[in-house]
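**Q** Below is the sequence, then the predicted model.
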Amino acid sequence: MAATTQSTHLIVRPDSIQKLYTEYLPQRFAVNRRYQRKLVWTVEEKRALIDSILRDLPVPLILVAEISGEQPYVYEIIDGMQRLNAIFAFIENEYDVDGRYFDLETLADTKDMTDDGELEQKKPVMSRESSRKIVNYSLALSVFRATGTAQIDEVFRRINSGGRRLSGQELRQAGSTAEIAQLVRVLASRIRGDSSRGDVVPLGKMPKLSINNKHLDYGVDVDTIFWVQQSILRRVDVRTSNDEQLILDLLVDCLIDPLISSGTDTRDSVYGLEANADSASAKLESRVQQTLLQHTTPEVIQDDFFRVFDELRLVLDEAGEKFVRLVVGRSSGGRYLRYFQAVFIAFHELIVREAMRVRDRSKVARGLTNIGAPKGPLTIPGGGGDWTADDKRRNINAVKGAIRDGFEPVPKGEQDVGRYGLASYLENILANSVTEQSLCELKQGLLDITEGSRKFDGYSWKKILKAISAIANDGRLNTGYLIIGVADDQEDSDRVRTLDQIKPVGYRGYSIVGVGREARILGLQLKDYFDWVADKLTGCKLEPDLCSQVTAGMRLVDYYGHAVIVLKIESQEKPVFFEEEIYERRGSGTEVVPKGEYHRIFRKFM
């Protein structure tokens with residue numbers, strides 16, 4: 001393929017894998033999650049690509065968009081994410097080909113990382129000749145100098161509109177700028193546990209945001225994702241974004257009253273995929289947008305969604321059964337999207353529209369028991385096709401009738417505490433910390449666990465204050481978190497378990513130990529402990545504006561019986577000092593910034 005002229009904004013050039021790898025290491029290949037979903041190739045597909053390279057067979061070109069104005073330059077991958085990941089992962093010994101691993105001595109970069117302990121040479125080792133053949137192989141890199149994000153989105157859509165490369169929902173979602181599309185992305189990623197602070201992330205961090213596969217240990221264990229764990233969706237359904245399609249159906253039912261049918265035409269319509277402005281499809285899109293505008297912010301919609309979602313999870317926890325076992329009377333197998341849709345919307349209408357709250361979770365669980373069994377009141381149609389509004393309404397009403405006795409009205413003037421107890425809120429912060437360690441600090445508590453006295457740990461408290469100021473210095477418009485009640489390593493978790501006789505709750509490798517145990521040691525109620533922490537913040541040596549912001553944003557979150565305190569830290573107009581020093585985050589650590597480097601921190605706020 002010949003290189004085109006500059007006026008077409010496209011340059012095609014051959015680059016060796018070695019050169020591309022040197023650009024990959026400083027994170028110059030980026031993935032935009034608005035249209036790129038996740039890593040989905042199996043290890044067999046990755047091995048087949050490396051085998052093609054070893055046999056000198058052609059490999060499809062890599063298409064990237066050069067992001068103008070970035071220093072250093074960044075390439076946003078439009079097509080080729082799976083291929084680049086497969087190549088770089090093989091170089092870093094994540095998998096073998098024909099039983100042999102890439103020789104890390106072949107490249108200076110991988111040799112240095114091996115010497116520094118960042119990489120480990122796995123055995124048996126591929127021959128040096130074969131390893132060199134791989135890194136010397138030339139890939140066609142097509143650099144697209146786009147005029148804006150809309151142009152990149154359109155190129156991605158055209159590339160993936162043919163064949164079976166993306167599922168219907170993936171193609172619908174890809175590059176969409178509709179507000180409901182962003183809501184679907186946020187809600188789905190939070191439930192899966194693969195959320196990120198921004199849409200654009202380095203290619204090297206994508207494994208932490210992808211679902212594990214056979215022989216590929218990615219960051220998210222598919223069996224722990226709610227949809228799979230509760231047997232609502234199969235593993236393959238989550239990998240092909242059927243969870244996002246279900247969330248889209250739920251959002252439409254939450255926002256549109258009276259109900260409309262659920263199906264392909266409705267989904268396409270609310271995404272604005274109908275070109276005719278006078279069509280019924282366009283009118284439906286306009287109706288959804290008007291409904292969204294009636295809410296204060298998208299965050300209100302998200303909070304309402306997760307208030308319902310978390311309450312439903314607590315009912316399932318109370319029942320001690322998986323959703324499908326409880327509602328349908330089956331252990332597993334198949335897909336049960338419409339059963340979940342009927343139950344979720346019933347909860348949503350009671351909690352959000354009718355301003356009620358769960359009074360007795362065990363009674364609600366009993367009401368759901370076998371409601372979808374063959375002789376139960378739910379009559380969910382099988383097969384595909386649209387789910388009509390009338391049939392949906394009948395089933396939602398059947399669920400509401402079965403569970404209403406377990407609910408009660410929220411008294412007028414009484415604050416709905418459910419809005420402030422979201423387990424999903426904590427999960428989202430912890431999930432984001434996987435790729436943004438510098439913006440999250442975890443502390444098991446404020447009492448000493450190294451001595452038997454269990455007194456207030458002044459040294460640890462000072463580290464907390466330094467961490468708060470360091471997170472605030474990450475740059476303008478950045479937000480970070482410090483969480484009290486989550487152990488930052490297994491040693492602390494084990495120590496707390498032994499000393500305080502509690503059972504930590506795990507999430508994505510984190511150990512939630514809570515602060516209720518410390519409140520008991522101090523002879524305080526949980527609310528009094530919360531006020532005690534707030535008082536300590538009020539009298540601390542943080543800069544006044546930062547101190548006020550952090551104290552005002554304190555939140556108590558109940559995570560399956562363990563209460564944790566979340567401190568939200570927002571950047572100020574300029575860097576902050578703590579005890580006449582500027583601190584910054586480096587990875588998960590906090591360090592003093594030398595005075596000669598203050599200009600580097602101040603530049604982040606320009």
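**A** Yep, it's here. Computed from a predicted structure; not experimentally measured. Numbering: from 1, shown residues only.
**Q** residue boundaries of the strands in the stretch 451-600 of the chain?
**A** 479-484, 486-487, 505-507, 510-512, 555-559, 562-570, 583-586, 589-592 (DSSP state E, counting those that start in this stretch).
**Q** Would you mark the buried spots in the last one?
**A** Put plainly, it is strand 589-592. Across strand 589-592, burial judged by 16 or more other Cβ atoms under 10 Å covers Thr590. The C-beta positions use only the backbone N, C-alpha and C, and glycine is treated the same way.
**Q** follow-up on the earlier one: buried deepest among the strands of the stretch 451-600 of the chain, which one?
**A** By mean neighbour count, with neighbours taken as mean count of other Cβ atoms under 10 Å, strand 486-487 ranks first of those at a mean of 26.
**Q** Give the rounded mean pLDDT of stretch 445-463.
**A** Per-residue confidence for stretch 445-463 averages out to 88 on the pLDDT scale.
**Q** now swap in stretch 361-369 and tell me
**A** 96.
**Q** Not counting it itself, show me its contacts.
**A** The list of residues contacting stretch 361-369 from outside it, by Cβ atoms under 8 Å, 6 or more residues apart in numbering, reads 314-316, 318-319, 321, 326-327, 343, 358, 399, 402-407.
**Q** How about that stretch, which residues are buried there?
**A** For stretch 361-369, a neighbour-count test (16+ other Cβ under 10 Å) marks Arg361, Lys363, Val364, Ala365, Arg366, Gly367, Leu368, Thr369 as buried.
**Q** What about those residues, which are in helices?
**A** In helices, defined here by DSSP state H, the members of these are Arg361, Lys363, Val364, Ala365, Arg366, Gly367, Leu368.
**Q** so where's the stretch 501-606 of the chain uncertain?
**A** For the stretch 501-606 of the chain, no stretch has pLDDT under 70.
**Q** Tell me the pLDDT of the most centrally placed residue in the chain.
**A** Centroid-nearest residue in the chain: Ser195, 1.4 Å away (criterion: Cα atoms, centre = their mean). As predicted, Ser195 sits at a pLDDT of 78.
**Q** ok, now how distant is it from Leu326?
**A** Distance of Ser195 to Leu326, computed by Cβ to Cβ, to the nearest Å: 27 Å.
**Q** do Ser261 as well
**A** As it turns out, when the distance is counted by Cβ to Cβ, Ser261 lies 27 Å from Leu326.
**Q** Between the two, tell me which one has more neighbours.
**A** Remark: of Ser261 and Leu326, Leu326 carries more neighbours, 21 against 16, as counted by other Cβ atoms under 10 Å.
**Q** Please name the nearest non-neighbouring residue to the more buried one.
**A** With Cβ to Cβ, 6 or more residues apart in numbering as the criterion, Leu326 has its nearest non-adjacent residue at 5.2 Å, and that residue is Ala319.
**Q** what's the burial count for that neighbour?
**A** Other residues within reach of Ala319, judged by other Cβ under 10 Å, total 19.
**Q** Equivalent analysis for Glu129, please.
**A** A count of neighbours around Glu129, defined by other Cβ under 10 Å, yields 9.
**Q** Just list whatever residues bridge to the residue lying closest to Val550 once chain neighbours are set aside.
**A** In this structure, Val550 finds its nearest non-sequential neighbour in Leu567, 5.4 Å apart by Cβ to Cβ, 6+ apart. Listed beta-bridge partners, Leu567: Leu482 (assigned using DSSP bridges).
**Q** Isn't Leu567 up against Ile483?
**A** Yes: between Leu567 and Ile483 a contact is recorded at 7.4 Å, counting by Cβ atoms under 8 Å.
**Q** Report the helix or strand with the lowest average pLDDT across the chain.
**A** helix 280-294 (a mean of 64; mean pLDDT, DSSP states H and E).
**Q** next SSE after it?
**A** On the C-terminal side of helix 280-294, the nearest following helix or strand under DSSP states H and E is helix 298-319.
**Q** Would you mind listing the outside residues contacting the helix or strand following that following helix?
**A** Where DSSP H and E defines the elements, the next helix or strand beyond helix 298-319 is helix 323-327. Applying Cβ under 8 Å, 6+ apart, the set of residues contacting helix 323-327 from outside is 230-232, 316, 319, 330-332, 336, 339-340, 343, 365, 368-372, 378.
**Q** Which of the ones in helices among the buried residues of stretch 361-369 sits closest to Gly523?
**A** Arg361 (29.6 Å; Cβ to Cβ).
**Q** backbone phi and psi for the closest residue to Pro374 other than its chain neighbours, please?
**A** Once flanking residues are discounted, Pro374 sits nearest to Gly329: 8.0 Å by Cβ to Cβ, 6+ apart. Comment: the main-chain dihedrals of Gly329 come out as phi 80, psi 20, following degrees, to the nearest 10.
**Q** how about Gly329, what does it touch?
**A** Gly329 is in contact with Asn370, Gly372, Ala373, Pro374, Gly376, counting by Cβ under 8 Å, 6+ apart.
**Q** With neighbour count, distance to Thr42 and secondary structure as new columns, can those be given to me in TSV?
**A** Putting the contacts of Gly329 into TSV (neighbours: other Cβ atoms under 10 Å; distance: Cβ to Cβ, whole Å; DSSP: H, G, I helix; E, B strand; the rest coil) gives the following:
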residue	neighbour count	distance to Thr42	secondary structure
Asn370	16	38	coil
Gly372	27	34	coil
Ala373	13	37	coil
Pro374	8	37	coil
Gly376	17	39	coil
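**Q** Make CSV from those residues and add distance to Val238 to it.
**A** Supplementary listing: those in CSV, determined by distance: Cβ to Cβ, whole Å:
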residue, distance to Val238
Asn370, 26
Gly372, 21
Ala373, 25
Pro374, 27
Gly376, 27
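**Q** Going by distance to Asp112, which of these wins?
**A** Relative to Asp112, the closest of the contacts of Gly329 is Gly372; by Cβ to Cβ it sits at 58.2 Å.
**Q** who's in contact with that closest one?
**A** The neighbourhood of Gly372, defined by Cβ under 8 Å, 6+ apart, consists of Val327, Val328, Gly329, Tyr336, Tyr339, Leu378, Ile380.
**Q** switch the cut-off to 6 Å
**A** Listed by Cβ atoms under 6 Å, 6 or more residues apart in numbering, the contact set of Gly372 reads Val327, Val328, Tyr339, Leu378.
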